[in-house]
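Participant: sequence first, predicted model second:
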Amino acid sequence: PNRTREASTANSDRSSNNCSEIDKPISSKKKQDGKQVSRLWLDKGRFWDQIQPLDEELENASCLSRSVENAWWELKAAKQVLKEHPKIAIAPTTSTIVFLVVALIGVFVVAHSTETSEQEQLDEELALSQLLYAKEEIIIQDEYLRTKASTDEMATALVDGLERAYAPLKMLELYVRQNPVYPYIEDNFPAIAADVMDVADLPGKAYTLGIAPFAVVADKYPFGNNAGAIGHDNLNHCQVVPDEKMEATNNGTDCSPECGLPSETRCYPSRRAITYLSVETRMLTLDGPVTLVQGGYAFIMRHPIFVNVSADPFGVGQYNETFGRSYAAHNCTAPVCYNETSGLRYWGQADSLLSFQRWLDLAQLDLFTQNKIAYRIIDPVKDMVLTSVGSISNEPITKNIIAYNRVLKLETSPDGGWMEHSTAYGSEVANAETPVWRDPLLVSVAIIALYLGAILTMMVVNKRRHKKLLQSMLPTKTLPYIERGRNFCEQFSTITVLFSDIVSYTSMAAEMSPLEVVNMLNELYFLYDKLAEKHGVYKVETIGDAFMCAGGVPDECSPLEGACAIADMGLDMIEATRSFVTSGGLKIQIRVGMHSGPAVAAVVGLKMPHYCLFGDTVNTASRMESNSEAMRVHLSGSTHAILQANETKKYNLTPRGEMNIKGKGKMYTYWLDSPDHLQSFPLLQESAAI
């Protein structure tokens, strides 16, 4: 506030004391139209007319182009800062690298953890599937073994069932051997057969016994519908069916060509081969299967009976070649039908008709079906299925049933088929795949890291720019106080303050456009800033055309050093201004004033903090400038005394005499002149050229 008041006071004094000099370039007409000149300078319309082209250019630019342009200038500014201070990029670059490395490691760790977890899950699933497969395999093997054991048991049961059906034939053989005379057998056969069947204890007794001396069917029990079979010679395959038995034998069959009989002749079905086989092997034979009228299949069981004729328990003559029959075996001679060594002679055969279902009942296979065993019995010779129970698998267990001269095939499986594995055996170890999100996340992390690095770099750059701006506005020593929000104030015993302003600035500004005025001041103050930097003086501020600097602040030095620096600064300003020409072709003049004395420096303001000087020294220096003359340096007695004390360099100091200074009274002042000053300081030539 003091400085503002002093500056305003100085300006008023300058106006009052130097009116004649200031008004010289202005014509009398312009004096009369002074109000109009002020209005021209203050007229908003005129000012905005000058600014309008720039506004139109900005408005015509698109938002994108403005953004690109702003970004371009920001990058250029950042590049300049990084070029001047390359070390500031170390921190954001290091932070970016650390963040990138940590983030990438984190992504890899999480991805590896996920992959490991998935691999463990796959391994666990594999182990579980293998365990389940092993359990199922045990069950399947157990099922197979149980089925196989059941198959063996069923085969045994079928053989045992056949043996039970075979028992009556063996008992009938015993009866014949006890009394082989046929008339006795013929008369007592029904009773003998009934007795045999009772002893055999066949379930249901659905069974037929027959007797055939010399293989000729003589009787059946029960007789039933067997009339057509009586008299059939099983060893004679050319036996003609009598007319009276044609119906009972279903008209017989075609006679074999080797019989030499007429083609229309009908013969009994040929049984010679199977009958002769039983005689020759002297064992039971099965013939069939044949289809029953009531449905189903049946086998004809033939058991040969041999009698030892060397023994004669009933007397001579009872045992002879025919055993009381009028005929002998057809086409059956020794050694098949008679063995002289052993004395055994073929008597005939006992036969029975065994239905296949009865055979199964005797084997009690229904017990196996209760255990959920499906089976199928096949006659491989005729390739026919004799019976099938349950739903059998396509891959059954097969076992051959040897029934004397016949071989039947037994196929078994669990009812409904074999148990199958619910899952395939996991023999191959499945490898977990890399998470699909890993690579995109790595790219995203890299982009984010670069983005954050750019942001950090811009923050550091902007901080450096901000600091540089503050350093250009405020002394470096004041910044720590400002950053901490503290007040800064210091006192100096002796400093030297310089003021300068442009002669006739008001009239010049009235005749120039605002942009021309701004360009002029900018060019001039750029020159003065270079001079201030050259002489090591501190530029305090500029107010319009007024330029203020000081020596000995903010870094305190001896009064002589500060005064000499300001003196050299003032002389260089005069000489540089003398050579200065604006871009518009104008030449200007300045006034310079100097004074030395104590002062207080402080930073004032919150929004726009400013380093200011307070004290009478500032006011007196302003009075020296306002009472100076064009292109001259006016200084006070205190500054004169300090400069006079300089033994190494002599200044051209000319007394001006005693003057009445407003607010100060009578003061003895001096001029600082140096006609050869520009030649004495070659560097000033470069500044003037700038």
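Facilitator: All right, it came through fine.
Participant: tell me where the model's unsure across the stretch 351-500 of the chain.
Facilitator: Scanning the stretch 351-500 of the chain with the threshold set as pLDDT under 70 gives 426-429.
Participant: 80 instead, please
Facilitator: 369-370, 421-430, 432, 470-472 (pLDDT under 80).
Participant: roughly how far apart are residue 83 and residue 92?
Facilitator: 16 Å (Cβ to Cβ, to the nearest Å). The C-beta positions use only the backbone N, C-alpha and C, and glycine is treated the same way.
Participant: how much space separates the closest residue to residue 404 other than its chain neighbours from residue 168?
Facilitator: Nearest residue to residue 404, sequence neighbours excluded (Cβ to Cβ, 6 or more residues apart in numbering): residue 284, at 4.9 Å. Distance of residue 284 to residue 168, computed by Cβ to Cβ: 12 Å.
Participant: tell me the secondary structure for the residue most central in space within the chain?
Facilitator: Centroid check for the chain by Cα atoms, centre = their mean gives residue 436 as the closest residue, at 2.5 Å. Put simply, residue 436 is coil when judged by DSSP: H, G, I helix; E, B strand; the rest coil.
Participant: ok, it to residue 113 distance?
Facilitator: 15 Å.
Participant: please apply the same query to residue 79.
Facilitator: In terms of Cβ to Cβ, residue 79 sits 42 Å off from residue 113.
Participant: and residue 235, by the same measure?
Facilitator: Counting by Cβ to Cβ, the gap from residue 235 to residue 113 is 92 Å.
Participant: check residue 11 and give its pLDDT.
Facilitator: Per-residue confidence (pLDDT) for residue 11: 40.
Participant: now the strands for the stretch 301-450 of the chain?
Facilitator: 338-339, 344-355, 373-379, 384-389, 397-403, 406-414 (DSSP state E, counting those that start in this stretch).
Participant: would a markdown table of these with mean neighbour count and distance to residue 441 be doable?
Facilitator: Putting the strands of the stretch 301-450 of the chain into a markdown table (neighbours: other Cβ atoms under 10 Å; distance: least, Cβ to Cβ, whole Å) gives the following:
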| stretch | mean neighbour count | distance to residue 441 |
| --- | --- | --- |
| strand 338-339 | 16 | 101 |
| strand 344-355 | 25 | 81 |
| strand 373-379 | 21 | 59 |
| strand 384-389 | 15 | 65 |
| strand 397-403 | 16 | 59 |
| strand 406-414 | 20 | 54 |
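Participant: okay, the ones you listed in TSV with distance to residue 509 next?
Facilitator: Listed next are the strands of the stretch 301-450 of the chain as TSV, based on distance: least, Cβ to Cβ, whole Å:
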stretch	distance to residue 509
strand 338-339	164
strand 344-355	142
strand 373-379	121
strand 384-389	125
strand 397-403	122
strand 406-414	116
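Participant: for residue 148, find the nearest of those.
Facilitator: For the strands of the stretch 301-450 of the chain, the distance to residue 148 is smallest for strand 397-403, at 5.5 Å, taking Cβ to Cβ.
Participant: in its sheet, what does the closest one sit against?
Facilitator: strand 406-414 (antiparallel) (DSSP bridges).
Participant: distance from the strand it pairs with to the middle of the chain?
Facilitator: 57 Å (Cα atoms, centre = their mean, to the nearest Å).
Participant: likewise for stretch 477-484?
Facilitator: 53 Å.
Participant: same question, stretch 435-445
Facilitator: Distance, centroid of stretch 435-445 to centroid of chain: 8 Å (Cα atoms, centre = their mean).
Participant: buried sites along it?
Facilitator: For stretch 435-445, the buried set under the neighbour-count rule, 16 or more other Cβ atoms under 10 Å, comprises 435, 438, 441, 445.
Participant: out of the residues you listed, which comes closest to residue 265?
Facilitator: Out of the buried residues of stretch 435-445, the member with the shortest distance to residue 265 (by Cβ to Cβ) is residue 435, at 93.0 Å.
Participant: just to revisit the earlier point, of residue 83 and residue 92, which one has the most company?
Facilitator: When residue 83 and residue 92 are compared for neighbours, residue 92 comes out ahead with 19 against 8, by other Cβ atoms under 10 Å.
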